[in-house]
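> I'd like to go over a predicted model; first the sequence, then the structure.
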Amino acid sequence: IASLTEYVQYPLSQVENIVTEATVENLGGDTVTNVNVTVNVYNMGTAALEYTENSTSAPSMLPGGNNIFTFATGFTPSAIGNYYVEYIATKDQADCVEANDTTFAIVQVTDSVYARDNQSIGGGLGTAGIGNGTGGTMGNIYNVINDDTLTSVQVFISNANGALQGQQVTINVYDMVAGQPTNIIATTMTPVLDSAVNMNSIFNCPLDQSLPLGPGDFFVGA
């Protein structure tokens, strides 16, 4: 299984099946048989195993071959908390390198926050490169699964050099038409940046009025 550590966050009102498919590749030089993936979901607060399931087995896999394994049932959390989702690949033959047989994801289920990252974007992501003095909108598309109500938006603004002193932050919520943000359906309050107070800060921006949202895609842009 490809080594991947993933961190995702859902509000309880929007959470769905947190078990995804797994791809297994035979990196060895011999054909392997009875290849299977086991998924375990642990509640990280209690350390309890809340769910386990085996995929359908692949009878054999040639060197360099790969298979996608799916799970018939899956697991949808019914309570808030952090969940550790572990995928383990197994086969009949002994494995010379067991370190790459397991991968995992951490899923956080909250009572109210719908996030797109783990609060640590890093790596230069989030810079638009649109040119000095040129306006633009930066944001994310959110998929709403169930009916919900949007009350506020949080954004992190970097203002390390104080160049944004006195500027306003405007955050709009758009509907999506043919895959593109189109109509503004809500606007948050617009805080003014004060370099002496908030050089690099997370701003909580309430909407002027709570916005009921049905299932669908929405763009939130600053």
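Good, I have the coordinates.

> switch to C-alpha atoms for all contacts and neighbour counts from now on
Noted.

> got any ranges where the chain has weak pLDDT?
1-7, 116-131, 198 (pLDDT under 70).

> Quick check: buried residues in stretch 179-197?
Residues of stretch 179-197 classed as buried under the neighbour-count rule (16 or more other CA atoms under 10 Å) are P181, A186, T187, T188, M189, T190, L193, S195.

> any chance of the residues you listed in JSON lines, with distance to I106 and secondary structure too?
Formatted as JSON lines, these follow (distance: CA to CA, whole Å; DSSP: H, G, I helix; E, B strand; the rest coil):
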{"residue": "P181", "distance to I106": "30", "secondary structure": "strand"}
{"residue": "A186", "distance to I106": "32", "secondary structure": "strand"}
{"residue": "T187", "distance to I106": "32", "secondary structure": "strand"}
{"residue": "T188", "distance to I106": "31", "secondary structure": "strand"}
{"residue": "M189", "distance to I106": "33", "secondary structure": "coil"}
{"residue": "T190", "distance to I106": "34", "secondary structure": "coil"}
{"residue": "L193", "distance to I106": "34", "secondary structure": "coil"}
{"residue": "S195", "distance to I106": "35", "secondary structure": "coil"}
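
> ok, which stretches of this protein are strands?
5-11, 22-25, 32-43, 48-54, 58-61, 66-69, 81-90, 102-110, 139-144, 148-158, 172-177, 180-187, 200-213, 216-221 (DSSP state E).

> just so I know, which of those strands lies nearest G133?
Evaluated over these, closeness to G133 peaks at strand 148-158, with 16.6 Å, by CA to CA.

> Mind listing the strands the closest one pairs with, and their directions?
Pairing partners of strand 148-158, with direction, according to DSSP bridges: strand 200-213 (antiparallel).

> which parts of the partner strand are buried?
Buried-residue list, strand 200-213, by 16+ other CA under 10 Å: F203, C205, P206, L207, L211.

> Could you export these as a markdown table, including distance to Q167?
Formatted as a markdown table, the buried residues of strand 200-213 follow (distance: CA to CA, whole Å):
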| residue | distance to Q167 |
| --- | --- |
| F203 | 13 |
| C205 | 15 |
| P206 | 18 |
| L207 | 19 |
| L211 | 26 |
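
> sorry, back to before: can you list the strands of the chain in TSV and add distance to L164?
As requested, those are exported to TSV (distance: least, CA to CA, whole Å):
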stretch	distance to L164
strand 5-11	30
strand 22-25	45
strand 32-43	43
strand 48-54	48
strand 58-61	57
strand 66-69	48
strand 81-90	37
strand 102-110	33
strand 139-144	18
strand 148-158	9
strand 172-177	19
strand 180-187	21
strand 200-213	11
strand 216-221	18
